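Enquirer: sequence? don't have it. structure:
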């Protein structure tokens, strides 16, 4: 196989991915006007339903434009040997392999951010603003970007440096050590992300004493779940959309409720949502996700180790001098089909976990407030009530609202 053949394989993969996403998006678009299922008829009134239709169509058209722009951009970048140009620039400022790699990815990320920034601004301050979701100020938007850049530089740069050090030390067997390193970091992030990183972007405070906290404590005690840490996060500083999530293990486990969730749902509905989150913990979904992610990472690293020093991969991108960072880029482009398949498997697993957590909430609390709460959240976020099955299969980490309600109303045990 020649480098030219690999180049055209990369182009073929990019074209296939682009066409697949556009087809799935169009199929989903054709179902926007599909009749709302009977069990969801009370989610929207006529005015709200019309607004949800407009919101979905606006996002579809915006996604089509932004993705087409990105697709054409990467094709032109490859055609004009952009990676080779960036590699030459990086090597003109450094000779150390780690510094070259950091400069290389720094330039790539800077260029990518300059291209994507206008789309991000439009999405936040035009589309989300138009439909009443955006509460992000210009100051918050800028600070979020700066903090994101700094975290990416420190954590991403640090991780890349460690990986290259492992490669220099262990050669093609580096993947074992990187796999262990990634597992340790993943475990650390699961344990302490909410405690260490969330405060950089949001304010968190313990849930105040009162009826809601008492109801949560009573429910937790009824299922033998020690829950000392229930926090409220100021999600309203960026959006009116609501959420809740569970994180951590052992003494670090906590439930985080968005302030918008507390505003939009009744206390019973909030307890039902929390029961769903407790279900994830009781059914060990966090651990299973960690294991699945670790196995996927190990497979990816092993596969990468087979090609990391391939001169063909470098030449396919127009770079004459093979290196770790060029091999990483080429492998990332070639790995896309496998990534799509593993992503589908992970999404399938995630949807099953959601059914199980719903069933746990239904079994240990009540299904009615969970169903009504999910309907309210769908209405306030203008969610799509009629997604195309193919789109759900490829992209949804949660079952559709109709699927969840149907499951909860059945006697099936997941």
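Expert: Here it is on my side, so go on. No experiment lies behind these values; they were computed from the predicted model shown. Numbering: from 1, shown residues only.
Enquirer: Now the helix or strand encompassing residue 296: buried residues?
Expert: Assignment of secondary structure by DSSP states H and E places residue 296 within helix 285-305. For helix 285-305, the neighbour count (16 or more other Cβ atoms under 10 Å) marks 285-286, 289-290, 293-294, 296-298, 300-301, 304-305 as buried. Placement of C-beta: from N, CA and C, glycine included.
Enquirer: In terms of secondary structure, what does that helix contact?
Expert: Under the contact criterion of 3 or more Cβ pairs under 8 Å, 6 or more residues apart in numbering; DSSP states H and E, helix 285-305 touches helix 174-196, helix 324-334, helix 336-364.
Enquirer: will you turn these into TSV that also has mean pLDDT, mean neighbour count and distance to residue 122?
Expert: What follows is those, written out as TSV (pLDDT from 0 to 100; neighbours: other Cβ atoms under 10 Å; distance: least, Cβ to Cβ, whole Å):
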stretch	mean pLDDT	mean neighbour count	distance to residue 122
helix 174-196	86	16	29
helix 324-334	92	21	27
helix 336-364	93	17	26
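Enquirer: Could you dump these into JSON lines with distance to residue 75 added?
Expert: Shown next, in JSON lines, are the helices and strands packed on helix 285-305 (distance: least, Cβ to Cβ, whole Å):
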{"stretch": "helix 174-196", "distance to residue 75": "30"}
{"stretch": "helix 324-334", "distance to residue 75": "12"}
{"stretch": "helix 336-364", "distance to residue 75": "14"}
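Enquirer: out of those, which comes closest to residue 106?
Expert: Nearest to residue 106 among the helices and strands packed on helix 285-305 is helix 324-334 (10.9 Å), distances taken as Cβ to Cβ.
Enquirer: same for the closest one, what does it pack against?
Expert: Other helices and strands packing on helix 324-334, by 3+ Cβ pairs under 8 Å, 6+ apart, are helix 3-30, helix 82-93, helix 97-122, helix 157-170, helix 285-305, helix 311-316.
Enquirer: ranking these by burial, who's on top?
Expert: With neighbours taken as mean count of other Cβ atoms under 10 Å, those reach their highest mean count in helix 311-316, at a mean of 21.
Enquirer: elements contacting the helix or strand hosting residue 277?
Expert: Residue 277 is located in helix 267-282, with elements delineated by DSSP H and E. Packed against helix 267-282, as judged by 3+ Cβ pairs under 8 Å, 6+ apart, are the following elements: helix 211-222, strand 244-247, strand 254-258, helix 259-264, helix 336-364, helix 367-380.
Enquirer: mind putting the ones you listed in a markdown table, distance to residue 132 included?
Expert: Shown next, in a markdown table, are the helices and strands packed on helix 267-282 (distance: least, Cβ to Cβ, whole Å):
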| stretch | distance to residue 132 |
| --- | --- |
| helix 211-222 | 26 |
| strand 244-247 | 21 |
| strand 254-258 | 16 |
| helix 259-264 | 12 |
| helix 336-364 | 27 |
| helix 367-380 | 10 |
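Enquirer: List just the one of those that sits closest to residue 177.
Expert: Across the helices and strands packed on helix 267-282, the minimum distance to residue 177, taken as Cβ to Cβ, is reached by helix 336-364, at 22.0 Å.
Enquirer: What residue, apart from its backbone neighbours, is nearest residue 149 spatially?
Expert: residue 113 (7.8 Å; Cβ to Cβ, 6 or more residues apart in numbering).
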